[in-house]
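Participant: Fold the stuff below for me.
(one chain, ligands or ions: 1)
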Amino acid sequence: MTIKWVLTGLVAVVLMSTACDNSKKLTGGNALSAGLKDAYKKDFLIGTALNTAQIQEKDSTAARLIQQQFNAITPENIMKAEIIHPQWNVYNFELADQIAALGKKQGMKVNGHTLIWHSQLPSFARSIRDIDSFRTFFTNHISTVAGRYEGKIASWDVVNEALNEDGTMRKSIFLDKLGPDFVTEAFRLAQKAAPTTELYYNDYNNEQPAKREGCLRLIRKIKEAGVRIDGVGIQGHWHIGKVPLKDIEESILAYSALGLKVMFTELDIEVLPRNFSGADVSQRMDNNPTLNPYVNGLPDSVQQQLAKDYEDLFRLFLKHKDKITRVTFWGVNDGQSWLNGWPVRGRTNHPLLFDRKNLPKPAYHRVMNLKNVAPEEKKAF
Ligand code: XIL
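Facilitator: Numbering: from 1, shown residues only. Sure, this is the predicted structure:
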């Protein structure tokens, strides 16, 4: 009898310690343990960009992490025109339908990215010479794609990156063929096709004063035309030790003063050397070993600086939580970040809150600690 009790006790202790070990790993299968989305649930949505494998839940560890940490998702590439609309009369909705279904299944808000962008355009569109044909492509694209997801996704980045650094309109095929009103026209068409979907303008460096002024002008112009715009996305591709907190704060205030929701839509903090700021995808740098110093992991001093930058940023976001509706990271973990391939190919970058094994980095804990997550909840990690 006594031996049986002792054995039962031993088994229980072993089982309990295994359970604790697993739950510490964040991704260890405890779907109920709190994540970023829970810590920040009264403040703003916490989002992430998903690649195709993640949309299709190919990796179960990543799928659990996504469910546990995020309540908003943006497709990293598959709603861009070159994929969703590869030829004049051909639309490829399969993957976009899958992300809409995933959002519904997991209760995560889906942000469509993006209807009108000069990059990742299908080659047929780039080679249209005639202005009327180009206008037909523009109209069909917005009406068909935005129309299909009306009621199925929460929002659209209607226009992405229409501005230069000095706040003037970027030279692009849209400006060239349709003139500067193409932004307002895109919102007008999106509003018609998707009357209950939120509509946003999205850009990088639009927290910088000159570009911000241009962005404010664009927003006023859309509103003055009687067209709906609900929010502005500041992409937030920043660099370690140089996150422009003052410009960010001034921008939150300036955009929300126009009645817009403010979002940080593509957040990552680059830790590798780069000789320019922002996120112009056409800008590239040649590779050389000095540009790739952290192949075997981040030194502690850099890890701590990254953690501090994220903490400072989220403290600022919390200060303005009444104006901010969503903060989305551009990727789930470091291994999958686009910054491993841009602007230099083949680097090992470390810009996010989760490492290559989907484990939380010090930056994650600093962002969680800002919310003073109750000790019992903390233990669950
Ligand atoms: C990037 C993707 O992450 C890459 O996979 C792709 O090769 C290029 O585009 N600004 C944007 C995003 O609005 O769509 C870009 O995403 C990053 C910069």
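
Participant: C-alpha from now on. contacts and neighbour counts both.
Facilitator: Fine.

Participant: Tell me where the model's unsure across the chain.
Facilitator: Residue ranges of the chain with pLDDT under 70: 1-33, 373-381.

Participant: How about the residues of the stretch 251-381 of the chain by the ligand?
Facilitator: Selection of the stretch 251-381 of the chain residues close to the ligand by C-alpha under 6 Å from any ligand atom yields A279, W338.

Participant: Tell me which residues are up against stretch 140-158.
Facilitator: Outside stretch 140-158, the residues that touch it by C-alpha atoms under 8 Å, 6 or more residues apart in numbering are 85, 100, 109-116, 186-187, 189-190, 192-202, 233.

Participant: do the same with stretch 308-318
Facilitator: Contacts for stretch 308-318 (C-alpha under 8 Å, 6+ apart): D43, I240, G241, V243, L245, E249, I324, A363, R366, V367, L370.

Participant: Now find how far off-centre it is within its chain.
Facilitator: 17 Å (C-alpha atoms, centre = their mean, to the nearest Å).

Participant: Likewise for stretch 246-254?
Facilitator: Worked out by C-alpha atoms, centre = their mean, stretch 246-254 lies 19 Å from the chain centre.

Participant: Restricting to C-alpha, output it in CSV.
Facilitator: Extracted in CSV, the C-alpha atoms of stretch 246-254 (Å, rounded to 0.1, in the frame of the first residue of the first chain):
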residue,chain,number,x,y,z
LYS,A,246,10.3,61.7,-31.5
ASP,A,247,9.3,61.6,-35.1
ILE,A,248,7.1,58.6,-34.4
GLU,A,249,5.3,60.3,-31.6
GLU,A,250,4.8,63.5,-33.6
SER,A,251,3.4,61.4,-36.4
ILE,A,252,0.9,59.5,-34.2
LEU,A,253,-0.4,62.8,-33.1
ALA,A,254,-0.5,64.4,-36.5
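
Participant: Show the contacting residues for the closest residue to the ligand within the stretch 1-150 of the chain.
Facilitator: Closest to the ligand within the stretch 1-150 of the chain is E76: 5.4 Å, counting by C-alpha to the nearest ligand atom. Shown in contact with E76 (C-alpha under 8 Å, 6+ apart): A49, L50, N51, H113, W330, G331.

Participant: Most neighbours out of those residues, which is it?
Facilitator: Neighbour counts for those peak at W330, which has 30 neighbours (criterion: other C-alpha atoms under 10 Å).
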